[in-house]
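Undergrad: build me a model from this:
(chains A and B)
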Amino acid sequence: GAGVSQSPSNKVTEKGKDVELRCDPISGHTALYWYRQSLGQGLEFLIYFQGNSAPDKSGLPSDRFSAERTGGSVSTLTIQRTQQEDSAVYLCASSPPASPQETQYFGPGTRLLVL
Amino acid sequence: GQSLEQPSEVTAVEGAIVQINCTYQTSGFYGLSWYQQHDGGAPTFLSYNALDGLEETGRFSSFLSRSDSYGYLLLQELQMKDSASYFCAVRGGTGRRALTFGSGTRLQVQP
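TA: Presented below is the predicted three-dimensional model:
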């Protein structure tokens, strides 16, 4: 079946511009996560959605970052007034309900470059 | 908070066995996961240990000791395609489902 998809795959923007990154999770997966990965580094948690519960936003690095999830499916991560330090790969993951193994299925990521 | 430590790089030859260690500090431990990531690719799930002991999945095994806050990933019969980064991860604390990842171990398999 279809995996997690993300768009765009690559995004180049100028400092100060806003960007929107999209994630389509696996159908039926109730949990959706956003992570950020800088070159050669581990993954940094940004935000987590679970069903209709309030999202866990504790990983968002600043108020320039926001995310929403519409209809319990597609999610959009928005970065306002981008800065060069925002350059990274933004990864989305989803997991099925009652996943005891904490298995998360990752999308291919969006590579963001802020000039 | 949560933190994980793993070696930054490991090199081994084809056919050999390699062990990648991970030590962690976390509140509300729920289990240790391992993910593989090839260059330019997405992380993919390898294994998960919630209880002490060894879990085996084909050529890969993962071990956990909760009393030592320690685990490892064991890769046997190494193949060139195993060259990748390997991340250990724990859930981000009590009530949080998101994972906290280590900084990754880059495995290079040589012929």
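
Undergrad: pLDDT at residue A:53, what is it?
TA: Looking at residue A:53, its pLDDT stands at 85.

Undergrad: next, count neighbours for it.
TA: Using other C-beta atoms under 10 Å in any protein chain shown, residue A:53 is surrounded by 10 other residues. To be clear about C-beta, it is placed using only N, CA and C from the backbone, and glycine gets the same treatment.

Undergrad: likewise for residue A:95?
TA: 23.

Undergrad: for the residue nearest to it when sequence neighbours are not counted, what are its contacts?
TA: Leaving aside its chain neighbours, residue A:95 sits nearest to residue A:31 (4.5 Å; criterion: C-beta to C-beta, 6 or more residues apart in numbering or on different chains). When contacts are counted by C-beta atoms under 8 Å, 6 or more residues apart in numbering or on different chains, residue A:31 is found next to A:48, A:49, A:50, A:51, A:94, A:95, A:96, A:97, A:99, B:97.

Undergrad: strand partners (parallel or antiparallel) of the host helix or strand of residue A:90?
TA: Following DSSP states H and E, one finds residue A:90 within strand A:88-95. If you go by DSSP bridges, strand A:88-95 pairs up with strand A:31-37 (antiparallel), strand A:105-106 (antiparallel), strand A:110-114 (antiparallel).

Undergrad: where do the strands sit along chain A?
TA: A:5-7, A:10-13, A:19-24, A:31-37, A:43-50, A:65-69, A:75-79, A:88-95, A:105-106, A:110-114 (DSSP state E).
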